[in-house]
Each structure stands twice: as C-alpha cells, then as structure tokens.
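> Let me see the structure of the following:
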Amino acid sequence: MNESQKKEIIIKAITVSAGTVIGSSYIYKKNEVLITPKKIDERETALHFSFFNNARKELIKRWSALQEKETNRSTKNIIDAQIEMLRDPELIKRIETLIKDERYNAQYAVQQTFEDYIDFFSKTGSPVIADRIVDIGDLQDRLIIEIGEKKLPEIEITGNIVVAKELSAREVIALSHKKVKGIILERGGETAHSAIIARSLNIPMVIGAKNATEIINNDETVCLAGSSGNVYINPKQTTRTRIERLANAKALSEKEKENLCRIPFETADGCPFTLRANIEFPVEIEKMEQCRPKGVGLLRTEAIYLNRSKFGDREEQQKFYEKVLLKADNQPVTIRLFDVGGDKFQGEKISENNPFLGWRGIRMLLDERQLLREQLLAIMATAAHHPGRVKLLLPMVTMIEEIEQMKEEIEHCRQILAREGQTDISLPLGIMAETPNVALQSVRFAKKVDFFSIGTNDLIQYLLAVDRGNERVSYLYRQIHPVMWQVIAMIIENAHRQNIEVEVCGELASYPVAAACLTGLGIDGLSMNPAAVLPVKKLLTNRTMDELEALADQTRQCETVNEVETLFDNWKIKIND
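Sure thing, here's the model as predicted:
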C-alpha cells in the first residue's frame, strides 16, 4: 500500500513547545537499567565508594564539556542544574551510607538512592517538581552505566520527528544535535526540563500522545500541528496543505529579537499591554536579559530547596530574592509562596491518593507556621529593600478564611521586622485564581486581596476533572477549552468590578494566539516562560486592539475544542499570509 492510500490517523496531544512541522517518524526506545541488590565485604566498601565517586566526577566533566559547547543559554542553565545535583552533598552522603554502613555495591546504592528521590517527587502534588523525575532517572542510569564501565551509546535516528514514551533533558539536547524537527511524547510535563529545552531551541514538542510509540511506525509521514497539539499520521492532502501553511511561520532572527526588545509594549493602535516572565530556577534568571519583560509575574520558590532536608533559612532565601530583584531592572516581581506538599520537612513520607486535591499550597503552609513565617520574613525583608516592587502571591486558595489567616501571619511578621528596624514594608497581596471556587466567587475574593493571578495549568484540570499527569485521560486536558475562556472572562469582569488587576501566569499565556485572545478579553498582564515573551510581543504589536477583541468575542462563541483550534489556526494562517 503506497502512502497516499494509507488511512489518516489523528492522535490528540498537548503542545508544550509550539510549532508546526511535517516529517518522517522515528520511534526512539531506551534500554531499562535495573540492578539487583548485592552485599559486599567490609574491605570492599572504600573501593565501591570510589567507583561511585569516580563515575560522578566523570559525568560532571562530560556535562561541563557539553556546557562549554552549547550556545543556547537555557540549555546551558539546565546542564548546570544537572551538574549541581551530582555535586549535592546530601545525595553523596546517602550513597556513601548505603555502601559503607549497609554494604551494598555501588551500582545498587546509586539505584536505591535515586529511587527514593523519585518516590518522593512523584508524591509531592507539584507538577513542576514531578516533571524532574525523568531527568533524575536518566542521571541514575548514566551513573550506573559509568560505574559498570559501559559507555552510553550515541543516539542514532533515521527520521526527523522523534516519537518516544518520555525523554530526559540530556536526550533532548542530544536530539537537537541531530537536527530533529519535532518531538512527540506519550508522557511528560509542561515544566519538564525536556520541554524547557525544546521551547528554547524552537523544537516543536507535544506530550500526552497516548500509545504513540505503538500507533506510529518508523518512517511514516507525520504532521505535528501548531496550537492544537494534534498529531496526524499519514495525513490527507487537505490536512497536509493546511499544516504546510501553518508551518510557514519562521523563528525569530537575532536582529528581530533585538528590535522587539527595543519597541514599546503597545498594540499596533497604541494600546499598552504587559508581558512578564515566569521564573523557577536561579539559573533561569539570566534568560530575562534576552527578552526584557516588564518584570517577573511568577517567581516559583519550590525548586530552590529540592535537595535540602529543610526549607532553607531566611538569609539564604533573601539572597535568591535579591538576585531576582536586581536582574528585573527595577520592574515588579511577584513571589509565590511555597506550593508543594510539605511532608519532606516532617522527616516522614505521607501518601496521598490524589495530591492535587490534598495537603499542598496554603493548606500546608497554614499548618506549618514556622516554615511559613520563615518565608514571609524573607520576602517582607526583601520588599523593605525594594519599595513598591515586591508582590506576594498565595497558592491553592479555596476559602476566604485562608486569606484572613494569612493576613494575620503577615501582620505578625511585620511586627517582628519592625522590632528589627524595618518599618516601611509595602506588600500587595494576591491569590492564585486556580480553583473553581475562587472563580465562581471571584467578586467576594476580589474584596479581600489586591490582585488575582490566574493559574490556567491547574484551573483547567479542576474545571474538566482531568488529571493532566494521567496518560489515559491527558488528551482531554486542553487549556483552550471553551469553558476556560468563559471562566477567565468572568474572573476579569469581577476583578475589575472591585478595581483590582488580574493577570494570567499559566502556560496558556505562552502561546501567541491564546495570548492575543486573553488580551482581547481585557486581561491586565500575561506572565510566561521567558522564551515566549518575544514571540507573543511580536504578535501583539502587529495587531490592533479591535482585532484582539474580535478574536476574543469569536472564541467565546465556540462550543467545542475543535472550533477553538480551527479559529486559532485560521487566525494564525491569516497572520502569516
């Protein structure tokens, strides 16, 4: 059967790195590395620890050499995060204990230690932290292989669109050197390092493509389609023609990036808009210099302390906050309180059937007052040094009582700082509008705070009752679903009625056409991955506010996800034409 006679197959997926490409498929499968426990003689413990330590140093050496060759700053930053994990004193200590005290061989000690990390991260309830599991597993395999004196084979591909169950950051970097055009994954997350690298390198990537490695064969024609995330196998000619038109959009040139950095944040008819950056890791701060956003709309604080046995002292936190404020070039910075289950700080593992609905965010913080006060004091002391620039954001709020309790804690910390001589502390208080309760009662919540920040990542999974980490139903997780636009419009209307501002800080803001729609709805600001700032700015500066509002009106009239997809794709084609 020739290609033109094959039936077109469509797989629903989720876009994590936007772009539209057509190419031939390559199914990438990795070999599992599994070690059985083996006890060693006491006289061998020092030798086995040296096996581990030498392997660790060798990987650091290779990562460092790779980092020197890389020109993309995001990739260099993520490589730096991998190196830092290999240098983590707690990781080294745990492996040393398993070898020297419990007398396990080096390879099993590595495997057991990393499995403990993976087990903890998988139960945190935070997608940001859970997305690191693939990288941790890959690092584990590389250490085990290095200890066994076997070299990891080079990745060889025959097609230019890679299909895999999941990929680590290392594998995406390796594939980028093979000039891949796109990546299709069955599993993964929007905040995974693999996704961050793909976005930074302008490699289109989708996740949640159910059974893709079984449905797609090697060397088949595959289309990866724009904002929809749809994967087309053996596309019909009409489909292929439409996809080719979408694929005409080119990545920004360096000169275009420089020009975009200089021009004001205004639509074609002079209406101002605000684009800010989402920052997660200290190494990501440098990326702001490449796009010059109007500050930080979401500073996540979870990842700073992933490998520590306690949350971190006030002085250590303040150093990080100060660094961000300095890099933000006198622009505002919104700091979100710690948003993850807190069992790590209790010295025990707590199992929750559904951590997304469990003990996390503000719920955990109000139970762990010492941890909360430590962070509040660090943030408020930073705010005192930068008057009018720091805003405080509360995660996972579902009740007004939680806001009132938090205000009491803020006042308590204000009194502590006053005794230390810091009295001029301006700290606007906002909440993440990411639960149906806050959306439906947004008028009442707006009376209690100074601003809203809509977290579309969590909001849509609660609205649609879809666990985005569950590959069986992840295809239903669509941030462009019609209900999202209705709910966001309602939140904006209710917030403005109470004279407070509302921003969007979820992944939805990263996609240019979606950002245009949000701007047309009347959003006061958008916060996104730094790599998305300039593409979004390019689109908004080339359209009038009337055009953006017309797009928003049309989107609100859509009844299905397919209708929104078609509208967005046609709008994008119109732009490219």
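> Show me how this structure divides into domains.
What the record gives for the chain is the domain set 3-28+155-246, 42-147, 252-268+441-577, from automatic domain parsing.
> tell me the mean pLDDT over the longest one?
It stands for domain 252-268+441-577. Averaged over domain 252-268+441-577, pLDDT sits at 90.
> Compute the distance from the centre of that domain to the centre of its chain.
Between the centre of domain 252-268+441-577 and the centre of its chain there are 16 Å (Cα atoms, centre = their mean, to the nearest Å).
> what's across from residue 221 in the sheet?
residue 24 (DSSP bridges).
> What distance do you get for it to residue 8?
To residue 8, residue 221 is 10 Å away according to Cβ to Cβ, to the nearest Å. All C-beta atoms are positioned from the backbone trio N, CA, C, and that covers glycine.
> list residues touching both of these two?
233-235 (Cβ atoms under 8 Å, 6 or more residues apart in numbering).
> Could you say which of those residues is surrounded by the most neighbours?
Ranked by neighbour count (other Cβ atoms under 10 Å), the shared contacts of residue 221 and residue 8 have residue 235 at the top, with 24 neighbours.
> Contact partners for it?
8, 22, 221, 223, 243.
> Please identify the helix or strand for it.
Under the criterion of DSSP states H and E, residue 235 resides outside all helices and strands.
> Backbone torsions only: list them for it.
Here is the backbone geometry of residue 235 (degrees, to the nearest 10): phi -60, psi 150.
> pLDDT score assigned to it?
90.
> Residue 42: neighbour count?
Residues near residue 42, counting by other Cβ under 10 Å, number 8.
> separation between it and residue 99?
11 Å.
> which stretches of the stretch 151-300 of the chain form helices?
169-176, 193-200, 212-215, 237-246, 254-262, 288-291 (DSSP state H, counting those that start in this stretch).
> Buried residues of the last one, list them for me.
When burial is assessed from 16 or more other Cβ atoms under 10 Å, helix 288-291 yields the following buried residues: 288, 290-291.
> ok, now the longest one?
Within helix 237-246, the residues that qualify as buried are 239-240, 242-243, 245-246, counting by 16+ other Cβ under 10 Å.
> Same check on the fifth one?
Across helix 254-262, burial judged by 16+ other Cβ under 10 Å covers 257, 260.
> show me what contacts the residue nearest to residue 292 when sequence neighbours are not counted?
For residue 292, ignoring the flanking residues on the chain, the nearest one in space by Cβ to Cβ, 6 or more residues apart in numbering is residue 261 at 4.8 Å. Residue 261 sits next to 291-292, 534 when contact means Cβ under 8 Å, 6+ apart.
> Same question for residue 337.
So residue 337 contacts 301, 361-362, 365, 372, 375-376, 392-395 (Cβ under 8 Å, 6+ apart).
> of all these, which two lie farthest apart?
The span of the contacts of residue 337, defined through Cβ to Cβ, is set by 361 and 376 at 14.7 Å.
> In terms of neighbours, single out the busier of these two.
residue 361 (27 against 24).
> thinking the more buried one is in contact with residue 339, fair?
Yes. Here residue 361 reaches residue 339: they are 4.9 Å apart, a contact under Cβ atoms under 8 Å.
> residues bridging contact with those two, i.e. touching both?
395-396.
> Could I get the average pLDDT for stretch 278-293?
76.
> Identify all contacting residues around it.
73-74, 77-78, 80-81, 128, 191, 257, 261, 275-277, 296-300, 302-304, 320, 323-324, 327-329, 331, 505, 527-531, 533-534, 537.
> so of those, which ones are in helices?
Counting by DSSP state H, these place 73-74, 77-78, 80-81, 128, 257, 261, 320, 323-324, 327, 530-531, 533-534, 537 in helices.
> Run a quick neighbour tally on residue 294.
20.
> Might you report the residue contacts of it?
Residue 294 sits next to 265, 274-276, 331-332, 525 when contact means Cβ under 8 Å, 6+ apart.
> Check the residues you listed for burial and list the buried ones.
265, 274-276, 331-332, 525.
> farthest pair in these?
Spanning the widest gap among the buried ones among the contacts of residue 294 are 265 and 332, at 13.9 Å by Cβ to Cβ.
> Confirm residue 393 sits in a helix?
No. Membership of residue 393 in a helix is not supported by DSSP: H, G, I helix; E, B strand; the rest coil, which gives strand.
> That one reaches residue 428, doesn't it?
No. Using Cβ under 8 Å as the test, residue 393 is too far from residue 428 to be in contact (9.5 Å).
> and the nearest residue to residue 117 once chain neighbours are set aside, how many neighbours?
Nearest residue to residue 117, sequence neighbours excluded (Cβ to Cβ, 6+ apart): residue 136, at 5.5 Å. Using other Cβ under 10 Å, residue 136 has 18 other residues around it.
> do the same with the one 3 residues further on
Residue neighbour count, defined by other Cβ under 10 Å, stands at 23 for residue 139.
> what about it, helix or strand, and which?
Residue 139 belongs to helix 133-147, assigned by DSSP H and E.
> I'd like to know which elements that helix is packed against.
helix 45-69, helix 73-86, helix 106-122, helix 169-176, helix 193-200 (3 or more Cβ pairs under 8 Å, 6 or more residues apart in numbering; DSSP states H and E).
> Tell me who's in contact with residue 392.
Residue 392 sits in contact with 334-335, 337, 379, 410, 427-430, where contact means Cβ under 8 Å, 6+ apart.
> Look up how far residue 360 lies from it.
In terms of Cβ to Cβ, residue 392 sits 18 Å off from residue 360.
> what does residue 564 give?
Taking Cβ to Cβ, one finds residue 564 at 30 Å from residue 360.
> Who has more neighbours out of these two?
residue 564 (25 against 21).
> So that one is in contact with residue 479, correct?
No. At 10.0 Å, residue 564 and residue 479 do not qualify as touching, with contact defined as Cβ under 8 Å.
> Nearest to residue 203, out of the contacts of residue 261: which one, please.
Looking across these and measuring by Cβ to Cβ, the closest to residue 203 is residue 534, at 16.9 Å.
> Tell me how many other residues crowd the closest one.
By the criterion of other Cβ under 10 Å, residue 534 has 21 neighbours.
> same check, this time on residue 313
If we define neighbours as other Cβ under 10 Å, then residue 313 has 10 of them.
> where's it relative to residue 374, distance?
7 Å.
> Show me which of the ones in helices among the contacts of stretch 278-293 are buried.
Buried among the ones in helices among the contacts of stretch 278-293 (16+ other Cβ under 10 Å): 73-74, 77-78, 80-81, 128, 257, 320, 324, 327, 530-531, 533-534, 537.
> Between those, which sits nearest residue 148?
residue 81 (25.2 Å).
> What's the separation between the closest one and residue 559?
43 Å.
> Out of the contacts of residue 392, who's the most crowded?
Busiest of these [other Cβ under 10 Å] is residue 379, holding 27 neighbours.
> Locate that residue within the secondary structure: which element?
Using DSSP H and E, the element containing residue 379 is helix 369-385.
> I'd like to know which elements that helix is packed against.
Using 3+ Cβ pairs under 8 Å, 6+ apart: helix 369-385 touches helix 314-327, helix 361-367, strand 390-394, helix 400-419.
> how many degrees apart are that helix and strand 390-394 in direction?
160 degrees (axes from the mean of the first three to the mean of the last three Cα atoms, to 10 degrees).
> From here on, call the first residue 113.
Got it, the first residue is 113 from now on, which makes the last one we talked about helix 481-497.
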